[in-house]
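Chemist: here is my input; please provide its structure:
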Amino acid sequence: MNTNTLLSVHNLSMQFGGLQALKNIQFNILRDKVTGLIGPNGAGKTTLFNCLTGFYHPTQGTVSLHDPNGQAVRPLPKKSHRVARLGVARTFQNIRLFKEMTVIENLLIAQHRAVNNNLFSGFIGSLSFVKKEIHALESAYAWLDFFNLTTQANQLAGTLSYGQQRHVEIARALCTKPQLLCLDEPAAGMNPQETLELRQLIQQLIKEHHLTVLLIEHDMSLIMKICDHIVVLDHGHLIAEGTPTQIKQNPAVIAAYLGSA
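Modeler: Purely as a prediction, here's the structure:
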């Protein structure tokens, strides 16, 4: 096991009735790196994402977090909110903001567990409660500033442009202070300029905040430019993994995307 391993997937399978969605998937995610997860439509990418983030409980296999030395393996719990508490956050392929709430309210909701005290503490405005509220607000504005969204803080989330909504969703996930940020097709629906800005923001996140990213994406240009390691699925099987250069030259990957004679 690489001492820089943050998360390991071992022999993971997922079955829905008679449908084998994933079969014996095994790979590692390294700290402070971007791991790409690619494959044709129906390959099992989102199913794997859901298994890693606690939305699905795999039929077989384990998903484990590692300490900074790559040891002291801790299997992830079966519930998504418990996985989030351990530092695994995600976004969704379809934006899931609370569109009738303001941008800042969306980010504060992500921190409700850190702020939440008993009803009495909130009612009397205890010092501890007030401090937690102030910290949550500061954290929310810090991430809005990172994404150049401070001036939109009090706008309804649903009134923002598509690209801005994507950024708010990522900012909301970052408010949970994750070790691993899982992004499900963050560039979907973006124009080339927005995609470029997204790539630069992800690279800045890793450089400045030592974040680890797992990325599902169909934009191969983005994947090849931003990823350190790529995992390729096809029909629920892991068919290849390696560097962008290795993946581009892999015959199995070429066949899966382009077909073979």
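
Chemist: please, where are all the strands along the protein?
Modeler: 5-16, 19-30, 34-38, 60-65, 74-75, 88-90, 180-184, 212-216, 229-234, 237-242 (DSSP state E).

Chemist: got CSV for those strands, with distance to Ala173 and mean neighbour count too?
Modeler: Backbone N, C-alpha and C define where each C-beta goes, glycine included. Listed next are these as CSV, based on distance: least, CB to CB, whole Å; neighbours: other CB atoms under 10 Å:
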stretch, distance to Ala173, mean neighbour count
strand 5-16, 16, 18
strand 19-30, 16, 18
strand 34-38, 15, 24
strand 60-65, 17, 17
strand 74-75, 21, 10
strand 88-90, 4, 24
strand 180-184, 6, 23
strand 212-216, 11, 24
strand 229-234, 21, 23
strand 237-242, 25, 18
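
Chemist: comparing those strands, which gets the lowest mean pLDDT score?
Modeler: Lowest mean pLDDT within the strands of the chain: strand 74-75, a mean of 68.

Chemist: buried set for stretch 96-109?
Modeler: By 16 or more other CB atoms under 10 Å, the buried positions in stretch 96-109 come out as Leu97, Thr102, Val103, Ile104, Asn106, Leu107, Leu108, Ile109.

Chemist: re the thing from before, got a markdown table for the strands of the chain, with distance to Ala153 too?
Modeler: Output for the strands of the chain, formatted as a markdown table (distance: least, CB to CB, whole Å):
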| stretch | distance to Ala153 |
| --- | --- |
| strand 5-16 | 32 |
| strand 19-30 | 33 |
| strand 34-38 | 28 |
| strand 60-65 | 33 |
| strand 74-75 | 36 |
| strand 88-90 | 21 |
| strand 180-184 | 22 |
| strand 212-216 | 25 |
| strand 229-234 | 36 |
| strand 237-242 | 40 |
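
Chemist: pLDDT and distance to Val63 added to the buried residues of stretch 96-109, as CSV?
Modeler: As requested, the buried residues of stretch 96-109 are exported to CSV (pLDDT from 0 to 100; distance: CB to CB, whole Å):
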residue, pLDDT, distance to Val63
Leu97, 92, 27
Thr102, 96, 35
Val103, 96, 32
Ile104, 95, 33
Asn106, 93, 28
Leu107, 94, 27
Leu108, 91, 29
Ile109, 90, 26
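
Chemist: just to revisit the earlier point, out of the strands of the chain, nearest to Ala136?
Modeler: Taking CB to CB, strand 88-90 is the member of the strands of the chain nearest to Ala136, at 15.6 Å.

Chemist: quickly run through the sheet partners of the closest one, with directions.
Modeler: Sheet pairing of strand 88-90 (DSSP bridges) gives strand 180-184 (parallel).

Chemist: send the alpha carbons of the strand it pairs with over as PDB?
Modeler: What follows is strand 180-184, C-alpha atoms only, in PDB (Å, rounded to 0.1, in the frame of the first residue of the first chain):
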ATOM      1  CA  LEU A 180     -11.700  13.900  -0.600                       C
ATOM      2  CA  LEU A 181     -13.900  16.000  -3.000                       C
ATOM      3  CA  CYS A 182     -15.900  13.800  -5.400                       C
ATOM      4  CA  LEU A 183     -17.100  15.800  -8.500                       C
ATOM      5  CA  ASP A 184     -19.700  14.200 -10.700                       C
END
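
Chemist: outside of it itself, list whatever touches it.
Modeler: Strand 180-184 is contacted by residues 6-7, 29, 46, 49, 52-53, 87-93, 170, 173-174, 202, 205, 211-217 when judged by CB atoms under 8 Å, 6 or more residues apart in numbering.
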